[in-house]
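Undergrad: Build the 3D model from these lines:
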Amino acid sequence: MLPVAGVIVGVLALIVGGYGAIKASSLQKTVAAHQEKVDKIDGIESQLGSVSASSDKATKDISSLSRTTQDAFNTVAADLANIHASIVKLEEAQKKPAAVKGARGEVVAGPGEYVVKAGDTFAKIGRAHGGFTGSEVAAVNPGIDPSKLKVGQKIKLPQKK
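TA: Residues are numbered from 1 along each chain as shown. The predicted structure is shown next:
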């Protein structure tokens, strides 16, 4: 009986061993299939790393360009402000009548002219220089606003009748 039991146990061992070998082979095929997927994932991971590095570089480049562009705009804006100020000064200088300076640097009136002093009005100037009215003085000075007379400004006097 012992030999029969040994044969039965041996047959059972062979069956279990065969079944184990079949399962091991099946598992080996599954592992091989999964290895391909793992390799693909590793490849994708390495591509993502290089894409991330490229993205970081592009971000830094854009930031640098933005700073450089802003600096250029600031420089141009400052230059434009200076140019604008110069133009305004030129326009103001062009609007002011040219004053004739005497030997001591004061404005000198020519014949038929008067140099405005502090407190002068067209009416005062007219009365003091021939008995004219403020309207008559204004009539010979059409480009001058009587309410904005400036000390040192030259105006024309009406001609005596």
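Undergrad: Could you point out the helix or strand that follows the helix or strand of the chain at the bottom of the mean pLDDT ranking?
TA: Lowest mean confidence among the helices and strands of the chain (mean pLDDT, DSSP states H and E): helix 2-95, at a mean of 90. Going down the chain from helix 2-95, the next helix or strand is strand 113-115, by DSSP states H and E.
Undergrad: And for that following strand, what's in contact with it?
TA: With contacts defined as Cβ atoms under 8 Å, 6 or more residues apart in numbering, strand 113-115 is touched by 106-109, 125, 129, 152-157. C-beta here means a position set from N, CA and C on the backbone, and glycine is covered the same way.
Undergrad: From the chain's centroid, how far away is the least confident helix or strand of the chain?
TA: Offset of helix 2-95 from its chain centre (Cα atoms, centre = their mean, to the nearest Å): 34 Å.
Undergrad: where's the residue of the chain positioned farthest from its centre relative to L12, distance?
TA: Distance from the C-alpha centroid of the chain, by Cα atoms, centre = their mean, peaks at M1 (102.3 Å). According to Cβ to Cβ, to the nearest Å, M1 and L12 sit 16 Å apart.
Undergrad: Which element, helix or strand, includes P158?
TA: Assigned by DSSP H and E, P158 falls within no helix or strand.
Undergrad: And I155, by the same measure?
TA: In this assignment (DSSP H and E), I155 forms part of strand 154-156.
Undergrad: Throw the contacts of strand 113-115 into CSV and include neighbour count, thanks.
TA: Output for the contacts of strand 113-115, formatted as CSV (neighbours: other Cβ atoms under 10 Å):
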residue, neighbour count
E106, 11
V107, 17
V108, 13
A109, 15
I125, 22
H129, 14
G152, 14
Q153, 18
K154, 18
I155, 20
K156, 16
L157, 20
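Undergrad: can you list the residues you listed in JSON lines and add distance to V88 and pLDDT?
TA: Conversion of the contacts of strand 113-115 to JSON lines gives the following (distance: Cβ to Cβ, whole Å; pLDDT from 0 to 100):
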{"residue": "E106", "distance to V88": "27", "pLDDT": "69"}
{"residue": "V107", "distance to V88": "24", "pLDDT": "71"}
{"residue": "V108", "distance to V88": "29", "pLDDT": "77"}
{"residue": "A109", "distance to V88": "29", "pLDDT": "78"}
{"residue": "I125", "distance to V88": "31", "pLDDT": "94"}
{"residue": "H129", "distance to V88": "35", "pLDDT": "89"}
{"residue": "G152", "distance to V88": "21", "pLDDT": "91"}
{"residue": "Q153", "distance to V88": "20", "pLDDT": "93"}
{"residue": "K154", "distance to V88": "24", "pLDDT": "93"}
{"residue": "I155", "distance to V88": "25", "pLDDT": "93"}
{"residue": "K156", "distance to V88": "28", "pLDDT": "93"}
{"residue": "L157", "distance to V88": "32", "pLDDT": "94"}
